[in-house]
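>>> With the sequence up front, the predicted model follows.
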Amino acid sequence: MDDIKVISRALAGAEKTVLIGFPGSGLVGSIALQYLVEQMEFEQIGAITSKYFPPVALMSKGVINAPVRLYEKDHLAAVVSDVPIHPAICYEVANGIMDWLAQFNIGEIVTIAGIITNEQEKRVFGVATSSGALQRVEEKTIILPMGSISGVAASLLTECKTRGIPGIGLLGETVNTPDPRSSAATIEVLNQIYGLGLDIQPLLEQAVEIEAAMSQIAEQVQKTEGQPRREQLPMYG
């Protein structure tokens, strides 16, 4: 824990479900959980710092915010990150988070991430650390029959497996751009599992805005690429 510092009050009660989202493909996990904690008015109870995190400070309206934050409400807790974790130190970060959580007799861990496919359906794929945990999501997600996952979500699930803590992974189908639609799809699965009743319509409206902005950028890039380069311009005189 020397390299991963958790500055937080203790979690209230036992058997909590902890939702964890770090930036990755489509920013699915971080978008989903930041939306969830804001809409459901979770209370921020602490933050996580580490020498492994990028040396950046994020701010909103001039106020600095910790890049990795801890939240809590009722039977749920959440770890939400604004910074990506380099593959080389995913183990250290996952191990440090799990060391802190393990002291509170956690009920289960749910990681949310993105998975890049060639489809646009926004399906949600499910994995789990045991057959018992898998039963909780097998009718609500598409179960991945084989293969591998990577990143800090994979490291967290591996830690759950080795420590005997039930772990579930929700992987939203995405492309490699910010994808609120995929995040909304994962929230719908959380709604079904935990009865949250969280309205995803504002998130879908955000998706429309992002898609329009991305389309505009793509058009600008296309126009720029279509213009003749300086050396290709005709000469006069």
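Okay, I see it.
>>> For the most centrally placed residue in the chain, pull up the helix or strand it's in.
Nearest to the geometric centre of the chain sits residue 29, at 1.5 Å (CA atoms, centre = their mean). Element membership for residue 29 (DSSP states H and E) is helix 28-39.
>>> how about the strands in this structure?
With DSSP state E applied, the chain shows strands at 4-8, 17-21, 43-50, 58-60, 63-65, 68-73, 76-81, 108-116, 124-128, 142-143, 167-174, listed in chain order.
>>> Can you tell me how far residue 142 is from residue 20?
Distance of residue 142 to residue 20, given as CB to CB, to the nearest Å: 21 Å. For the C-beta atoms, the positions are set from N, CA and C on the backbone; glycine is no exception.
>>> In terms of packing, which of the two has more residues around it?
Ranked by neighbour count (other CB atoms under 10 Å), residue 142 and residue 20 place residue 20 first, with 26 against 14.
>>> residues touching that one, list them.
When contacts are counted by CB atoms under 8 Å, 6 or more residues apart in numbering, residue 20 touches 29, 33, 78, 79, 97, 109, 110, 111, 112, 153, 156.
>>> now residue 189
Contacts of residue 189 by CB under 8 Å, 6+ apart are 124, 126, 137, 140, 141, 170.
>>> same thing but 10 Å
32, 110, 112, 124, 126, 137, 140, 141, 168, 170, 172 (CB atoms under 10 Å, 6 or more residues apart in numbering).
>>> Can you flag the buried ones in these?
Buried members of the contacts of residue 189, counted by 16 or more other CB atoms under 10 Å: 32, 110, 112, 124, 126, 137, 141, 168, 170, 172.
>>> ok, back up a step: which one of the contacts of residue 20 is nearest residue 52?
residue 97 (11.6 Å; CB to CB).
>>> Not counting sequence-adjacent ones, nearest residue to the closest one?
Closest residue to residue 97 apart from its sequence neighbours, by CB to CB, 6 or more residues apart in numbering: residue 79 at 6.5 Å.
>>> burial measure for that neighbour, as a count.
25.
>>> is it true that it touches residue 85?
No. Here residue 79 lies out of contact with residue 85, judged by CB atoms under 10 Å, at a distance of 11.8 Å.
>>> Now for the two: what residues contact both?
Contact criterion CB under 10 Å, 6+ apart; residues bridging residue 79 and residue 85 by contacting each: 22, 68.
>>> picking that back up, now the residue nearest to the centre of the chain. Nearest residue, chain neighbours left out?
Per CB to CB, 6+ apart, closest to residue 29 is residue 21, 2.9 Å.
>>> How about the contacts made by the one you found?
Going by CB under 10 Å, 6+ apart, residue 21 touches 27-37, 78-81, 110-114, 152-153, 170, 183, 186.
>>> Look up how far residue 132 lies from it.
23 Å.
>>> Look up which residues are beta-bridged to residue 142.
residue 125 (DSSP bridges).
>>> which one is residue 13 nearest to, not counting chain neighbours?
residue 75 (7.3 Å).
>>> can you check residue 206 too?
Nearest residue to residue 206 in three dimensions, chain neighbours excluded: residue 180, at 4.8 Å (CB to CB, 6+ apart).
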